[in-house]
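Asks: Have a look; sequence and predicted model below, questions after that.
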Amino acid sequence: MISLYPIPTILEETKQNESSFFQVLRERLGLEVVAFSSARAAMVYGLRALGLGRMDEILVPPFLSHCVISALGKTAFPTMAPSERTKAILVYHQFGYPQRIEVIEQVATEKGWFVVNNCVNALFSAYRGKPIGLWGEFAILSFSKFYPCALGGGLVVRHEAIQN
C-alpha cells in the first residue's frame, strides 16, 4: 500500500520506507521529487533557481488559471508572445494529455529558453514511452489534484543549477 502522507522533512526515512509515495515517484521517474506546500510554490522556486527575474518573460499558453498566472508573476512576466526578454516557456499538459514536448524543446533550445514542464494534471502520463515529468529543466507536480494529502506539490529536477 502506498502511504499518501509521507514525512518529507526526513528524506532518509522516506527513502527507507519502500511503500512511500515518494519512493514510487522516484522509481517511476528515476529522479528525486522535492516536496513543496503547493505546485505553485514549487514553480516559483524552480524559476528563481534558474535565475529568472521580474524583467524576464515566460511564454504561457492561453486559458491558464489566475492562481498560476499570479504565481508566475512573482518571478517573471507571463506573456503569450515571445520577445527578446523571453527566457522560458511553460508547457501545460491539459487534462493529462501530453503536449508535443520534443518540438517545444527543440524550439526552446534554438532560442535559448528554459522549458518549465507543468505536469499538475499529468502525474503519471507519458510521452513516447517516457514519463512526462522527465522533460524540461524541471517539472511541477500537484499531488493534491489526485490524492487527499497535506503536501500539495513537488518539483522534479533535471537542471543542475536547481539541484545545487
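Replies: Cool, got the structure.
Asks: where's Gln99 relative to Cys119, distance?
Replies: From Gln99 across to Cys119, the span is 11 Å (CB to CB, to the nearest Å). C-beta here means a position set from N, CA and C on the backbone, and glycine is covered the same way.
Asks: show me what contacts the spatially most central residue of the chain?
Replies: Taking CA atoms, centre = their mean, the centroid of the chain lies closest to Ile140, which sits 1.8 Å from it. Ile140 makes contacts with 39, 42-43, 46, 116-120, 153-156, as judged by CB atoms under 8 Å, 6 or more residues apart in numbering.
Asks: Neighbour count for Gln99 and Cys119, which is higher?
Replies: Cys119 (26 against 18; other CB atoms under 10 Å).
Asks: ok, back up a step: give the residues shared as contacts by Gln99 and Cys119.
Replies: Both Gln99 and Cys119 are in contact with His93, where contact means CB under 8 Å, 6+ apart.
Asks: Tell me where the chain has strands.
Replies: 33-36, 57-59, 77-79, 86-92, 114-118, 126-127, 130-131, 138-142, 153-157 (DSSP state E).
Asks: among these, which is nearest Ser70?
Replies: Among the strands of the chain, strand 77-79 comes nearest to Ser70, with 9.2 Å by CB to CB.
Asks: Packing partners of that closest one?
Replies: For strand 77-79, the packing partners by 3 or more CB pairs under 8 Å, 6 or more residues apart in numbering; DSSP states H and E come out as strand 57-59.
Asks: Pairing partners for the strand it packs on, with directions?
Replies: Strand 57-59 pairs in its sheet with strand 77-79 (parallel), strand 86-92 (parallel), by DSSP bridges.
Asks: what's next to the shortest one, contact-wise?
Replies: Same thing as strand 77-79. Applying CB under 8 Å, 6+ apart, the external contacts of strand 77-79 come out as 54-60, 64, 69, 72, 85-86, 90.
Asks: Mind listing what's buried along stretch 95-106?
Replies: Neighbour-count burial for stretch 95-106, counted by 16 or more other CB atoms under 10 Å, picks out Pro98, Gln99, Ile101, Ile104, Glu105.
Asks: No more questions from me, cheers.
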